[in-house]
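> Generate a structure from the sequence data that follows.
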Amino acid sequence: ICRPFADYRGKRSILAMLDALDECADGVSTLLHLLLKCKAEGKEGQMLRFFITSRPEVRIRTELHRPNVESQFDKLVLHEIDETTVREDIRTYFNLEFSKMVSGTCDSRIPSNWPAQDDRDTLLDVCGKFFAYAATVVRFIGDELVGDPVGQLGDILQIIRKGKGDKNSSE
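You can find the predicted model right below:
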């Protein structure tokens, strides 16, 4: 893996991304072992960096928490990121996706300032720090088979508000 990069003389590191490592069926431990060995040896692949995403499965944690290994990588746990930062990222995502829905349709039922800021804030509140929730909401609202983003958003907001009402009424 690293040998082809040993002679690289560029000014910048090469970044290789391995997404969803936990979804690989076989060879995860071997792959991690090779990548860490490459980093530890330094010479080959000195300018090679790896960005790995994964759920913290036992087989992955076991490999990464061996003695003398933890110092070779930086770990970022998404659920430990500041909520304000995540909220702003999700807000940006919503703004982009909603503007695509507005500009990509001939449907005159969608006003240019749709959805209202209160509705966006409600969605943000429900998402919390979970970007996957936001992505699911966007896919539901923008479902081309249904073809009714305004109605789909209304359905989601109704469920959210009903849930909040049920919660408050039981207190």
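
> any idea which helix or strand of this protein has the worst average confidence?
When the helices and strands of the chain are scored by mean pLDDT, DSSP states H and E, helix 28-41 comes last with a mean of 78.

> Tell me the helices and strands packed up against that one.
Counting contacts by 3 or more Cβ pairs under 8 Å, 6 or more residues apart in numbering; DSSP states H and E, helix 28-41 is packed against strand 48-52, helix 58-64. (Glycine included, C-beta is placed from N, CA and C.)

> Can you give me the pLDDT of the closest residue to residue 89 other than its chain neighbours?
The shortest distance from residue 89 to any non-neighbouring residue, by Cβ to Cβ, 6 or more residues apart in numbering, is to residue 131 (7.0 Å). If you check residue 131, the pLDDT there is 89.

> Identify the residues contacting residue 131.
Residues counted as contacts of residue 131 (Cβ atoms under 8 Å, 6 or more residues apart in numbering) are 86, 89, 90, 93.

> The least confident helix or strand of the chain: which residues count as buried?
Within helix 28-41, the residues that qualify as buried are 28, 31, 32, 35, 36, 38, 39, counting by 16 or more other Cβ atoms under 10 Å.

> Was I right to think the fifth one contacts residue 70?
To tie it back to what came earlier, the one meant is residue 36. No: under the criterion of Cβ atoms under 8 Å, residue 36 makes no contact with residue 70, lying 10.1 Å away.

> Just want the most central residue of the chain.
Centroid-nearest residue in the chain, with Cα atoms, centre = their mean: residue 131, separated by 5.6 Å.

> With adjacent residues omitted, what lies nearest to residue 94?
Excluding the flanking residues, the one nearest residue 94 by Cβ to Cβ, 6+ apart is residue 120, at 5.8 Å.

> Mind telling me what element the one you found is part of?
Using DSSP states H and E, residue 120 maps to helix 117-127.

> sorry, back to before: in a markdown table, list the buried residues of helix 28-41 along with distance to residue 157.
Putting those into a markdown table (distance: Cβ to Cβ, whole Å) gives the following:
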| residue | distance to residue 157 |
| --- | --- |
| 28 | 41 |
| 31 | 44 |
| 32 | 43 |
| 35 | 45 |
| 36 | 47 |
| 38 | 50 |
| 39 | 48 |
